[in-house]
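Trainee: here is a sequence together with a model predicted from it:
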Amino acid sequence: MHEELRIENQLCFRLYTASRLITQAYTPLLNELGITYPQYLVMMVLWEEDGQRVNDIAHKLYLESNTVTPLLQRMEKAGLLTRKTAEGDKRQHIVGLTESGKAMEEKALSVPKGMIKSLSSCPIDIEGYEEMKGSLDSIIETLNKKEQETKTARI
């Protein structure tokens, strides 16, 4: 067995597992709001700035617009947001929060507090989390840049 192929030596496995378990920890908190984790991400983007183009939302979430569109359609059916054709460009859709979607922001304040409680027994302090966020941001930026270069090369 090659050491570099052992699962315990893989950063990707740790990232995958942590991501899956964190998403799982969010589930009961988000069930109280009646939304999924991907929907929560969309809501956070819209709470920061209401009335955004689908492409802009997708870009902020590091997703393709064809991945975000079905998600937005389900959220529209649930009454959380609206999608309207942009003036001057029928291909673009502007996404805005409904009153129900706006009101959910106050209820969602319990979510970060719940996650802090879920991680309270973890021996990482605030500085450790901030350092981890910076490291993950560097990984995301590097891999996203590589992905964009690959897409550009295919065109």
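Mentor: Happy to help now that I have it.
Trainee: regarding the protein, what is its longest helix?
Mentor: In terms of residue count, the longest helix belonging to the chain (DSSP state H) is helix 126-154.
Trainee: show me what it is packed against.
Mentor: In this structure, helix 126-154 packs against no helix or strand, with contacts taken as 3 or more CB pairs under 8 Å, 6 or more residues apart in numbering; DSSP states H and E. C-beta coordinates here come from the backbone N, C-alpha and C atoms, glycine included.
Trainee: please enumerate residues in contact with stretch 14-30?
Mentor: With CB atoms under 8 Å, 6 or more residues apart in numbering as the test, stretch 14-30 has contacts from 36-37, 39-40, 110-111, 114-115, 118.
Trainee: filter the residues you listed down to just the ones in helices.
Mentor: 37, 39-40, 110-111, 114-115, 118.
Trainee: before we move on, the earlier item: so the longest helix of the chain versus helix 110-118, what angle?
Mentor: 120 degrees (axes from the mean of the first three to the mean of the last three CA atoms, to 10 degrees).
Trainee: what is the mean pLDDT for helix 126-154?
Mentor: Mean pLDDT, computed over helix 126-154, is 92.
Trainee: same check, this time on stretch 67-75
Mentor: Stretch 67-75 comes out at a mean pLDDT of 97.
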